[in-house]
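**Q** Sequence and predicted structure are below.
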Amino acid sequence: MAALQSVAAKSAASYDVVVVGAGFAGMYMLHKLHVQGMTARVFEQGSGVGGTWYWNRYPGARCDVESMQYSYSFSDELQQDWNWSERYAPQPEILAYANHVADRFNLRSDIQFDTGVERAEFDERANIWSVTTSDGKTVTAKFVVLATGCLSNARKPDIKGLDAFKGKVYHTGHWPHEPVDFCGQRVAVIGTGSSGIQAVPVIAEQARQLTVFQRTANFSIPARNAALTEEERKWFRQNYPEVRRFAREEARAGIYTEMPDRGALDDGDNERRSKYEARWQRGGLTFMSVYNNLGIDQTANDTDADFVREKIAEIVKDPETAKLLQPNNHPIGSKRICIDTEYFAAFNRPNVTLVDIKSNPIEEITSNAVRAGGKDYEVDAIVLATGFDAMTGSVAKIDIRGRNGQTLNQKWAEGPKTYLGLMSAGFPNLFVITGPGSPSVLSNMIVSIEQHVDWIADCVVYMRDRGLETMEANKDAEDKWVAHVNEVAYTTLYPQANSWYMGANVPGKPRIFMPYIGGVGPYRQICNEVAAKGYEGFTMAGTERARAAS
Ligand SMILES: Cc1cc2nc3c(=O)[nH]c(=O)nc-3n(C[C@H](O)[C@H](O)[C@H](O)COP(=O)(O)OP(=O)(O)OC[C@H]3O[C@@H](n4cnc5c(N)ncnc54)[C@H](O)[C@@H]3O)c2cc1C
């Protein structure tokens, strides 16, 4: 405690912890630090809290994990009080929730908005991080927590002529705050991942003409979104202890759902089909949990993928368009499954056209058109639904220097290396929330965020109570973990897809399967065991003193 206090006392610009980012991760981290009596400063480059839900204001934006589960569990009063209106809340409601949490837990006074963190450098003599922000100021902190988000660095594609386009260009991940009205306009949507799939049906209702440019067809399942009834809310509120326990400890993806005990090939064709049909009718992300081997057995996976391809062919009237919309280059589930509301049906509208840019690549953007396959598609506005430099993009933008002046970008040049997805060797007292090497984007992320924040907060308190100065991942523990993450990934079908999990959407990015696919329950157990063994695999300076004290 004394060590931390002495740091904080030196000047007003010194903190126990600097947190980068005020999305759900940074907000909960700050709350935990408040509870532990630590001094903390959060820097957020946006003008408000909410992260993902602050930036992604595009038409149709909503969560794809059901709101009764895509919400904090750390406060029972909060989860009992908050009224989600729909099965999947729309972006404005999730943003309102984030703002409510900021007010309810008095977070704002310790968050500095409109301030990006540009550099963080570890001083090995003083065991202190110096953090430099976009306003030119530097603060110091004992610990730095990167709550920078896995999907927060919007990726603008490198298309010739894009800057010369005379109309408006929007990115779904960086949407304007004022309403955008596409009425009467000719609009291009480039990209058909999760954001494009949510935006297309909504923009189609407004635009005079919508042209959708698709490189890869993606699997999408109907959301079956609807208003939540009071009975549904009541059921969750009464059953939260078990729902949350299951999501944390047993579920693979942090979602309360059945755990199938059969494989897809254990059932006959009719039985299997009727199970897929029931899930299709129910809608939502748990479509993949009909059977226990869809993610690991190609033949089993094919039965599921075929079912969805048939559904697309049933919905989309024009056979050629239907064929283009049927995914055929990756196993179902090996890229994040999308959840949609009338996405495929949108292509039956007379004002919606699909352009296959795999066979007819976009050559350039002119002052008034997207040129693909030698043809000009004249448009008034372009919506880039081109995703993110996922998992590492926002971290890489910060100049982070650890021991011996090594930068994190140098260390991660061949792909991210972490121990447990929480720390990287050579960078003491620097934590990442939902970093590469943890279940992260393969899960209900609020479950993973809460687990990481709790673990980090416990760890910092452990150090404070023992007068420990530094904590650092050991290189051998890190190497073993990286190998384990890789090994587990290659027992599944996931690496077969050119997905953003693999860094495949960013030219030049190393192809490494970044998240840990072992499941949130088993992963939590590993993290807890590591902590219970006195943070096995980490070196804490002053360990001998700590051992003597305990
Ligand atoms: C459209 C969309 C829908 C999604 N739906 C779901 C869903 O249904 N279920 C689910 O589990 N997950 C979903 N996700 C993933 C989502 O990102 C997480 O659920 C969660 O919101 C992440 O919270 P976070 O705080 O870790 O990161 P973010 O919400 O991304 O917040 C990170 C914050 O850090 C800030 N930041 C980054 N770098 C810096 C810097 N250098 N200096 C200062 N500030 C910085 C950013 O501005 C941002 O505000 C979705 C993502 C998107 C894009």
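**A** Great, that's in hand. Residues are numbered from 1 along each chain as shown.
**Q** Model confidence for Val506, exactly?
**A** According to the per-residue confidence, Val506 scores 86 in pLDDT.
**Q** Check which helix or strand it maps to.
**A** Taking DSSP states H and E as the definition, one finds Val506 inside no helix or strand.
**Q** show me what contacts it?
**A** Residues counted as contacts of Val506 (C-beta atoms under 8 Å, 6 or more residues apart in numbering) are Arg155, Asp389, Gly393, Trp500. (Each C-beta comes from the backbone N, C-alpha and C, glycine too.)
**Q** Pull the most distant pair out of those residues.
**A** Gly393 and Trp500 (9.8 Å; C-beta to C-beta).
**Q** Between the two, which has more neighbouring residues?
**A** Neighbour totals were compared for Gly393 and Trp500, and Trp500 leads with 24 against 21 (other C-beta atoms under 10 Å).
**Q** Show the contacting residues for that one.
**A** With contacts taken as C-beta under 8 Å, 6+ apart, Trp500 has the following neighbours: Gly193, Lys335, Gly387, Phe388, Ala390, Met391, Val506.
**Q** at 7 Å what do you get?
**A** With contacts taken as C-beta atoms under 7 Å, 6 or more residues apart in numbering, Trp500 has the following neighbours: Gly387, Phe388, Ala390.
**Q** Assess the claim that the first one and Ala504 are in contact.
**A** No. In terms of C-beta atoms under 7 Å, Gly387 does not count as a neighbour of Ala504; the distance is 10.9 Å.
**Q** in the longest helix seen in the chain, what's buried?
**A** Across the chain, the longest stretch assigned as helix under DSSP state H is helix 445-466. Of the residues in helix 445-466, those buried by neighbour count under the rule 16 or more other C-beta atoms under 10 Å are 445-457, 459-464, 466.
**Q** Equivalent analysis for stretch 303-321, please.
**A** Thr303, Asp304, Ala305, Phe307, Val308, Arg309, Lys311, Ile312, Ile315, Val316, Thr321.
**Q** now what about it, what contacts it?
**A** The list of residues contacting stretch 303-321 from outside it, by C-beta under 7 Å, 6+ apart, reads 219, 264, 272-273, 276, 280, 294, 322, 325-326, 331-332, 344-345, 347-348, 354.
**Q** Who has more neighbours out of Gly387 and Ala504?
**A** When Gly387 is set against Ala504 and neighbours are counted by other C-beta under 10 Å, the residue ahead is Gly387, at 22 against 13.
**Q** Contacts only, for the residue nearest to Gly23 when sequence neighbours are not counted.
**A** Counting by C-beta to C-beta, 6 or more residues apart in numbering, Gly51 is the residue found nearest to Gly23 once chain neighbours are left out, at 2.0 Å. Shown here is Gly51, whose contacts under the criterion C-beta under 7 Å, 6+ apart are Gly21, Ala22, Gly23, Phe24, Gly149, Ser152.
**Q** burial measure for the first one, as a count.
**A** Applying the criterion other C-beta under 10 Å, we find 27 residues in the vicinity of Gly21.
**Q** Please name the nearest non-neighbouring residue to it.
**A** Leaving out its chain neighbours, Gly21 is closest to Ala147 (C-beta to C-beta, 6+ apart), at 3.9 Å.
**Q** The one you found reaches Phe24, doesn't it?
**A** No. Shown here, Ala147 and Phe24 do not form a contact pair, counting by C-beta under 7 Å, at 8.5 Å.
**Q** Give me the pLDDT for the nearest residue in space to Asp181 that is not next to it in sequence.
**A** Here the nearest residue to Asp181 in space, its sequence neighbours aside, is Gln206; by C-beta to C-beta, 6+ apart that works out to 7.0 Å. At Gln206, the model reports a pLDDT of 97.
**Q** does Gln206 really touch Cys183, like I thought?
**A** Yes. Applying C-beta under 7 Å, one finds Gln206 in contact with Cys183, separated by 5.1 Å.
**Q** So which residues make contact with stretch 66-82?
**A** If you take C-beta under 7 Å, 6+ apart as the criterion, stretch 66-82 is touched by 28, 63, 84, 86-89, 97, 101, 104, 236-237, 240, 243-244, 247, 255-256, 284, 444, 446, 450.
**Q** Buried residues of the helix or strand containing Gln80, list them for me.
**A** Per DSSP H and E, Gln80 falls inside helix 76-81. Along helix 76-81, the positions that meet the burial threshold by neighbour count (16+ other C-beta under 10 Å) are Leu78, Gln79.
**Q** One more: stretch 125-136?
**A** Within stretch 125-136, the residues that qualify as buried are Ile128, Trp129, Ser130, Val131, Thr132, Thr133, counting by 16+ other C-beta under 10 Å.
**Q** For the fifth one, which residues are in contact?
**A** Thr132 makes contacts with Glu118, Arg119, Thr138, as judged by C-beta under 7 Å, 6+ apart.
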